[in-house]
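Asks: Need the 3D shape of this:
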Amino acid sequence: MIAVDTNVIAYLLVPGEHSAVAETIYERDPEWVAPLLWRSEFRNVLARGVREGSADLEDALDALRLAEQLLEDRELQPSGEHVLRLAAASRCSAYDCEFVAVARDLGVRLVTFDREIARRFPDDAVDGKRFVREV
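Replies: Numbers count the residues shown, from 1 in each chain. Predicted coordinates for the structure are as follows:
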């Protein structure tokens, strides 16, 4: 099991720069977990794609359904105190720290394409490309 942030989920289901890496991450470890926040962030990614014309609404709805299936029964709500402490110590956003908190709570790694998260939390987070090389 690994924790993933929204950008890993998005690249798995929406074609983009890191889609091939996201697919390999999923092949190597398909048991993904994330905080409930991923839903709002992912819907925003999809809505932006529809507004900008890079995706149509039906494709976005299909991606949303697939993502919900992918993370079914593996969504957690970290404690607010844990998230705030991580944010204060790291200067990362509370949004980003929700993903770190979930990883810490479960004792798993957070796989991300966000270099700042990987840099600020080297014991908890790993860049997606590095994860693929190591596993």
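
Asks: Quick check: the residue of the chain positioned farthest from its centre vs residue 14, distance?
Replies: Note on the chain: the largest C-alpha distance from the chain mean falls to residue 53, namely 23.4 Å (CA atoms, centre = their mean). Distance of residue 53 to residue 14, given as CB to CB, to the nearest Å: 14 Å. Backbone N, C-alpha and C define where each C-beta goes, glycine included.

Asks: Surely residue 118 touches residue 127?
Replies: Yes. At 4.7 Å, residue 118 and residue 127 qualify as touching, with contact defined as CB atoms under 8 Å.

Asks: Would you tell me what the next helix or strand after the top helix by length along the chain is?
Replies: In the chain, with assignment by DSSP state H, the single longest helix is helix 37-52. Scanning forward in sequence from helix 37-52 by DSSP states H and E, the next helix or strand is helix 57-70.

Asks: Please, where are all the helices along this structure?
Replies: 6-13, 19-28, 37-52, 57-70, 80-90, 94-106, 115-120, 128-134.

Asks: what bits of the protein have low per-residue confidence?
Replies: Within the chain, no stretch has pLDDT under 70.

Asks: rerun that using 90 as the cut-off
Replies: Low-confidence segments of the chain, defined by pLDDT under 90: 91, 135.

Asks: hang on, isn't residue 90 packed against residue 99?
Replies: No. In this structure, residue 90 is not within contact of residue 99 by CB under 8 Å, at 12.0 Å.

Asks: neighbour count winner among the two?
Replies: More crowded of residue 90 and residue 99, by other CB atoms under 10 Å: residue 99, with 33 against 16.
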